[in-house]
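A.B. asks: predicted model follows, preceded by the sequence.
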Amino acid sequence: MFKFSVVIAIRNSDVWLKESIGSIINQSLDFKDNIQIILVNDASLDLSEDICLKYKAKYPHNIKYIANKEHLGVSQSRNLGLKHATGEYVTFIDSDDFVSLNAFFNVYNFFKKHDGMDIVSIPIFFKGDKKGEHILNFKYEKNQVVDLTKNPNYIQLSASSSFFKREKIKDLEFDPRLHISEDVTFINQLLLENPKIGFCKDAKYFYRKRLNKTSVLDNALFDKYYFIPRLKYYFKYLIDESLKYYSSVPLFIQYTLMYDLQWIFEISTLDNILGDRECIEFKKLLYDILQYIDDEVICSQFGIANDLKAHITYYKHWYEIKNNHEDISNNLIEKLDLNTVYLDIFEIKDDVLYIMGVLKSYFADIDIYCIVDGEKVKTNKIDFPQRKEYSLGNSRNINNNFEISISLTKDKHEISFDSSLDNFDNLNIDFSRPCNFSKITSYQKSENFLSILKDNSIIIKPYKTRSWIKQEIKTLKSMFAKHEQGFRTGIILRALYLLAYPFLYKKHIWLFMDRPFIADDNGKILYEYAIKQDENVKKYFVVGKGKYFDEVSKWDGAKIIPFNSIRHKLLGLFAEKIITSHPDNSVIYPFWGNYPHFAGILKSQSIFLQHGVTKDNVSSWLKKYDINLSMLVTVSKKELESFLRYPYHYDKQILKLTGFPRFDKLNNDIIKKQIVIMPSWRRYLKNRPEEFILTSKYFITFDSLINNKKLHEACEKYGYEIIFKPHPNTYEFIDLFDSDYVKIDYENKNYVDFFNSSSLLITDYSSVAFDFAYLKKPVLYYHYSDDYHFDLKESYFDYESMGFGEIANDEDTLVSLIIGYMENDCNIKEKYLKNIKNFFSFDDNNSCKRVYNEIKKL
């Protein structure tokens with residue numbers, strides 16, 4: 001008899017299957033004598049069967065192959081394989097995952113050295129597009145057998161990383177009604193009978209995370225089976241089974257259920273997933289399940305924010321809240337520190353302290369007060385509707401956003417916060433991620449002041465180098481003592497900062513950039529202009545190594561830094577200005593993952609050059625509390641006014657009407673008989689599997705257009721070439737497009753070259769239309785559907801009255817319009833020339849100069 005049987009359910013895993021099987025064959029425990037593999041091919045459509053048959057031919061004694069005639073799913077495939085298992089122990093490794101080569105040897109020894117348990121599990125580590133380890137790996141601090149009745153939070157969810165005594169699971173099966181979480185019910189049925197489980201730290205299970213979301217788990221959120229069937233056959237089933245065994249639900253089952261429930265409550269809406277009746281049934285089931293979970297279990301979850309824990313608890317006690325609202329609230333406020341104000345911005349400039357922050361409440365809007373040296377000052381309310389958070393379509397909380405400016409007129413000030421609610425007084429202070437202040441560092445250094453967090457107050461006093469160094473040493477000691485994630489990087493880089501400080505703190509350092517690994521936008525073009533100016537400024541361009549790095553490094557006077565390098569991180573701490581076409585915090589801060597360890601010593605101003613004209617309301621992405629800009633470049637009065645119209649909440653003085661630097665590179669010197677198709681992207685296609693993309697309206701529409709025979713014949717007749725160059729975000733699936741008629745820009749070449757050389761542009765909603773129109777060349781808009789991710793009703797830009805070309809709603813109309821332009825040598829019509837003149841504030845080649853001069857004024 002084999003020591004182990006490994007059941008592998010396989011569905012379209014040919015890319016990873018060899019690695020998975022190989023990790024078993026190459027175990028330190030001799031494979032031929034000790035391990036059986038049962039390969040169950042669940043009607044794969046790829047080369048999985050060929051791989052299976054080759055391994056079976058090579059190891060006929062060890063490997064059994066089963067081919068499902070139709071797709072049955074993971075549960076039924078595992079059940080089929082389990083019937084053929086003969087090993088003393090059984091495991092269920094997924095076909096795209098693998099295990100460490102010592103796993104079976106160490107697990108076998110663990111079983112032999114320890115008694116009383118029927119399951120041994122090993123820690124999970126992520127491979128592929130996500131790195132790191134599973135959040136539940138704390139269980140593997142040491143080799144141990146745990147009684148779950150005594151340690152109920154040591155839950156086990158994965159059958160793939162578990163090894164079972166086969167004699168204990170003879171009559172047990174995976175539930176085919178479940179498309180996800182079948183592992184949890186399988187494992188916990190055993191644990192209800194015997195709540196002891198072994199945790200073996202001396203082995204590893206490598207779980208593959210894929211950005212294209214082709215795994216069952218990754219696709220679950222888009223499947224109705226994730227909801228009502230899962231509540232019935234997983235959550236409700238384990239509750240019913242628990243009541244049979246114990247007449248109550250054991251804490252370890254409660255922790256298991258709540259761990260998975262928290263991710264359900266993270267889902268913002270059920271729209272487009274469940275119908276109205278299904279939503280009612282789902283929420284009723286959810287409410288019933290929560291009645292079996294203690295409040296303490298909800299509040300002790302460590303994967304979600306405290307405000308969501310409060311929301312879940314309120315959801316559970318919905319019918320009690322009317323009569324017992326105050327007691328429930330007071331209990332949660334104390335337990336979860338809900339009376340905490342989060343500061344988004346803490347910034348001292350010209351002896352004025354500006355604070356922006358938020359306090360979350362649950363039943364009423366409240367006023368926030370800033371206590372300045374004992375005096376209570378009411379803050380100003382701000383509305384950030386995009387900050388509203390939802391759980392399953394219900395509002396999670398009320399965001400009380402506020403701001404206040406305080407003149408610093410004394411040698412020492414003390415700042416704290418209070419609210420208009422009795423149970424929300426003496427507020428705790430914390431900091432959101434973008435704030436240049438954090439609890440880890442506990443202080444902020446500005447030019448003239450040192451601000452120190454002390455308990456629930458911030459003490460502000462004049463800056464003295466000696467006081468700062470003393471505070472910095474205290475911070476480094478605290479980091480080392482607390483050992484919070486990222487502390488090593490924080491200590492090392494801050495130590496380098498201290499060493500470099502005497503040499504760099506007085507330097508004027510400007511960092512220019514576009515995307516981390518692409519440089520073909522406003523950042524690069526402005527940098528080319530900037531290095532020709534003679535100011536006493538150290539100007540660096542940041543981009544990852546590659547063709548753009550090589551190109552810029554050849555420029556006279558260029559200083560180039562590899563993105564995310566040690567030098568980039570160090571100079572980022574000393575930079576006065578970060579000048580970029582992409583202002584996302586994860587782009588401009590190379591230490592964003594460890595940002596709280598560096599907050600407090602940063603001094604950079606963020607200048608957003610934009611990467612396209614803003615025509616829509618993009619405040620869901622760009623807003624002051626998250627991306628605190630010092631300057632934002634615009635090209636039109638209408639565009640500038642839109643930043644004041646929508647809830648970005650940037651001050652008017654940071655908005656600069658200059659034109660884009662890249663406009664200086666636009667010209668009509670060489671125009672070819674070339675038509676370029678440049679559609680925008682669709683958010684709903686991000687990281688989706690190939691099958692989903694191929695059936696999407698977006699793909700079908702543009703694939704059909706680039707294969708239109710009538711269009712091809714017209715191109716041949718009039719001598720035009722068509723190039724398809726979609727948005728950069730679509731390049732993750734660009735290879736799916738194919739055409740014998742149209743040239744596809746697989747290499748993602750420079751945009752400006754296409755603008756300059758093309759005669760006609762076709763787009764849907766992309767802002768590239770503005771660059772093309774700037775050249776006074778014709779544009780066509782293809783509005784085939786309403787699948788665009790911005791609400792056009794909220795856009796100030798009206799395509800009918802302000803657009804630079806005709807609008808087509810179907811392919812036939814679009815093709816006729818394109819042919820019409822070909823017949824007319826792609827000459828723009830007078831109506832659209834007038835719209836272009838009315839929109840743009842400048843049509844010269846001096847945008848770089850205007851932008852650069854505005855930056856110097858900051």
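C.D. replies: Done, it's in.
A.B. asks: and the end-to-end length of stretch 132-147?
C.D. replies: 27 Å (C-alpha to C-alpha, to the nearest Å).
A.B. asks: buried residues in it?
C.D. replies: Across stretch 132-147, burial judged by 16 or more other C-beta atoms under 10 Å covers 134, 136-137, 139-140, 143-146. All C-beta atoms are positioned from the backbone trio N, CA, C, and that covers glycine.
A.B. asks: same check, this time on stretch 451-460
C.D. replies: 451-453, 458, 460.
A.B. asks: show residues contacting that stretch.
C.D. replies: For stretch 451-460, the surrounding residues in contact (C-beta atoms under 8 Å, 6 or more residues apart in numbering) are 346, 348, 353, 408, 412-417, 426-429, 437, 439, 442-444, 449-450, 461, 471.
A.B. asks: what subset of these is buried?
C.D. replies: 346, 348, 353, 408, 413, 415-417, 427, 429, 437, 442-444, 449-450, 461, 471.
A.B. asks: where does pLDDT dip in the protein?
C.D. replies: Along the chain, the model assigns pLDDT under 70 to residues 210-223, 322-327.
A.B. asks: now do the domain split for it, please.
C.D. replies: What the TED database lists as the domains of the chain is 4-216, 225-334, 339-482, 491-659, 669-839.
A.B. asks: in TSV, list these along with distance to residue 848.
C.D. replies: TSV is the format used below for those (distance: least, C-beta to C-beta, whole Å):
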stretch	distance to residue 848
domain 4-216	36
domain 225-334	42
domain 339-482	27
domain 491-659	4
domain 669-839	13
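A.B. asks: ok, which of those domains comes nearest residue 846?
C.D. replies: Closest to residue 846 of these is domain 491-659 (C-beta to C-beta; 7.6 Å).
A.B. asks: quote the end-to-end distance of that closest one.
C.D. replies: Using C-alpha to C-alpha, one end of domain 491-659 lies 42 Å from the other.
A.B. asks: quick one: it to chain centroid distance?
C.D. replies: Relative to its chain's centre, domain 491-659 lies at 20 Å (C-alpha atoms, centre = their mean, to the nearest Å).
A.B. asks: circling back to that earlier point, what's the farthest-apart pair in the buried residues of stretch 451-460?
C.D. replies: Largest separation among those by C-beta to C-beta: 453 and 460, giving 10.7 Å.
A.B. asks: what's residue 766 in contact with, if anything?
C.D. replies: By C-beta under 8 Å, 6+ apart, the contact set of residue 766 is 612, 678-680, 727.
A.B. asks: buried stuff in the helix or strand hosting residue 468?
C.D. replies: Here residue 468, judged by DSSP states H and E, is contained in helix 465-482. Using 16+ other C-beta under 10 Å as the burial criterion, the residues of helix 465-482 that qualify are 471-472, 475-476, 479.
A.B. asks: quick check, nearest of those residues to residue 271?
C.D. replies: Nearest member of the buried residues of helix 465-482 to residue 271, counting by C-beta to C-beta, is residue 479, at 43.6 Å.
A.B. asks: from residue 229, how far off is that closest one?
C.D. replies: Between residue 479 and residue 229 the distance is 47 Å, computed by C-beta to C-beta, to the nearest Å.
A.B. asks: same check on residue 515?
C.D. replies: Taken as C-beta to C-beta, the span from residue 515 to residue 229 is 42 Å.
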